[in-house]
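A.B. asks: Let's see this in three dimensions:
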Amino acid sequence: MKKAKIYKPSKTAMQSGIKKFDKWVIEFITKDNSVNPLMGWESSDDTYSELNLEFKTKELAVAYAKKNKIDFELIEPKVRKIIKKSYADNFTKN
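C.D. replies: Numbering: from 1, shown residues only. Predicted structure coming up:
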């Protein structure tokens, strides 16, 4: 049985906007990574390790996984905590 995780990718530290992070991804979990004896590279016989599927909504991703009988783990995104700051806060005492 295939195992996968469904998640919403987070932005990297070099990005400030959240425009391109409205998709959900199904990433298959594989455990049989091995080291190629000739070159020393990491390799795998399972081609699912190279496959990432993107969906517009969480519901579409979950429906796809259920339809194709994929065991999945749903990882909810963390809520972004926005703290309003003011330059004047540097000079006021709390």
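
A.B. asks: ranges for the strands of the protein?
C.D. replies: Here the chain has its strands, by DSSP state E, at 3-7, 24-28, 34-35, 42-43, 52-55, 71-75.

A.B. asks: what's next to the third one, contact-wise?
C.D. replies: When contacts are taken as CB atoms under 8 Å, 6 or more residues apart in numbering, the neighbours of strand 34-35 outside the stretch itself are 41-44. C-beta: built from backbone N, CA, C; applies to glycine.

A.B. asks: Check the fifth one too.
C.D. replies: For strand 52-55, the external contacting residues (CB under 8 Å, 6+ apart) are 23-27, 61, 64.

A.B. asks: Each with direction, which strands does it pair with?
C.D. replies: strand 24-28 (antiparallel) (DSSP bridges).

A.B. asks: Worst mean pLDDT across the helices and strands of this structure, which element?
C.D. replies: Of all helical and strand segments in the chain, the minimum by mean pLDDT, DSSP states H and E falls on strand 42-43, at a mean of 76.

A.B. asks: Pull the distance from that strand to the chain's centre.
C.D. replies: Taking CA atoms, centre = their mean, to the nearest Å, the mean C-alpha location of strand 42-43 is offset from the chain mean by 21 Å.

A.B. asks: same question, stretch 50-59
C.D. replies: Taking the mean C-alpha point of stretch 50-59 and that of its whole chain, the gap between them comes to 9 Å (CA atoms, centre = their mean).

A.B. asks: cool, and stretch 42-57?
C.D. replies: Centre-to-centre, stretch 42-57 and its host chain are 12 Å apart (CA atoms, centre = their mean).

A.B. asks: which of the residues in it are buried?
C.D. replies: For stretch 42-57, the neighbour count (16 or more other CB atoms under 10 Å) marks 49, 53, 55 as buried.
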